[in-house]
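Chemist: 3D, please:
(one chain, ligands or ions: 2)
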Amino acid sequence: MPDERAGRTALVILNTGDGKGKTTAALGTLFRAWGRGWNVIMLQFIKSETANFGEHRAARRTGFPVVPLGAGFTWLSKDLEHDKALARRCWEQCREHLLSGDFDIVALDEITYPLTYGWLPVDEVIETLRQRPAHVHVILTGRAAPEPLVAFADLVTEMRDVKHPFRSRGVKAQAGIEF
Ligand code: ATP
Ligand code: MG
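Modeler: Ligands and ions are numbered 1, 2, ... in the order given. Sure, this is the predicted structure:
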């Protein structure tokens, strides 16, 4: 069997913007790669540990891990140090997975939020991305990606919100479509 890693150009892929589809596109890419026998993982910053969305159910049935880090960010917390510590704990797990070399693709879902809120220094994230083994593709998702991350990434897609049923028809998040 030829080594699929040989000749691979590992990318940093960034899905950002206000439109829907950032996490979905990341999952689609992981699914495609997993179909090739690659080791893939998605680590989710915002989803709580008990989240049992469609992607978590699919993960259990198919075999690639989608791991809610259980951050439990409240957005309302006044305790900045607490939020920072939480973000740091999540990031340490991400870092281990990025640097271990065990995975062909590591997706960090909603990582832009701790960056935007200043809980995690963007320079540190970029430095770790630089240090990762040469075969590791990375997918980052989340709205409002900070400029240094946009500059560093190889492939940046901005999802544009043309129309959303919440605005036009008051339709709330639905199983199978949003979670
Ligand atoms: P998905 O997880 O469906 O791929 P996403 O990762 O691009 O979406 P996020 O920015 O993480 O989206 O937002 C989470 C959810 O917010 C989405 O599932 C989406 O349906 C919903 N959403 C996105 N845009 C709007 C909007 N303009 N109004 C209300 N809800 C929205
Ligand atoms: Mg998302």
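Chemist: and the helix or strand P148 falls within, what's its mean pLDDT?
Modeler: Per DSSP states H and E: P148 is located in helix 147-152. Mean pLDDT, computed over helix 147-152, is 98.
Chemist: and stretch 26-44, by the same measure?
Modeler: Per-residue pLDDT over stretch 26-44 has a mean of 96.
Chemist: what about it, start to end distance?
Modeler: Stretch 26-44 has an end-to-end distance of 11 Å (C-alpha to C-alpha, to the nearest Å).
Chemist: tell me the mean pLDDT over stretch 84-99?
Modeler: pLDDT averaged over stretch 84-99 gives 93.
Chemist: other residues contacting it?
Modeler: 41, 43, 45, 69, 71-73, 103, 106, 108, 111, 114, 117, 119-120, 124-125, 128-129, 131-133, 136, 138 (C-beta atoms under 8 Å, 6 or more residues apart in numbering). C-betas here are computed from N, CA, C, even on glycine.
Chemist: buried by neighbour count, from these: which ones?
Modeler: 41, 43, 45, 69, 71, 73, 103, 106, 108, 111, 114, 119-120, 125, 129, 132, 136, 138 (16 or more other C-beta atoms under 10 Å).
Chemist: keep only those of these that are in helices.
Modeler: Using DSSP state H, the subset of the buried ones among the contacts of stretch 84-99 located in helices is 114, 125, 129.
Chemist: can I get these in TSV with distance to P65?
Modeler: Below are these laid out as TSV (distance: C-beta to C-beta, whole Å):
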residue	distance to P65
P114	21
V125	21
L129	20
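Chemist: tell me the least confident of these?
Modeler: P114 (92).
Chemist: mind listing what that one touches?
Modeler: 45, 73, 87, 90-91, 120.
Chemist: taking those together, which two end up most distant?
Modeler: F73 and W91 (12.8 Å; C-beta to C-beta).
Chemist: check which residues of the longest helix along the chain are buried.
Modeler: Ordering each helix of the chain by length in residues (DSSP H) puts helix 80-100 first. For helix 80-100, burial by neighbour count (16+ other C-beta under 10 Å) applies to 83, 86-87, 90-91, 94, 97-98.
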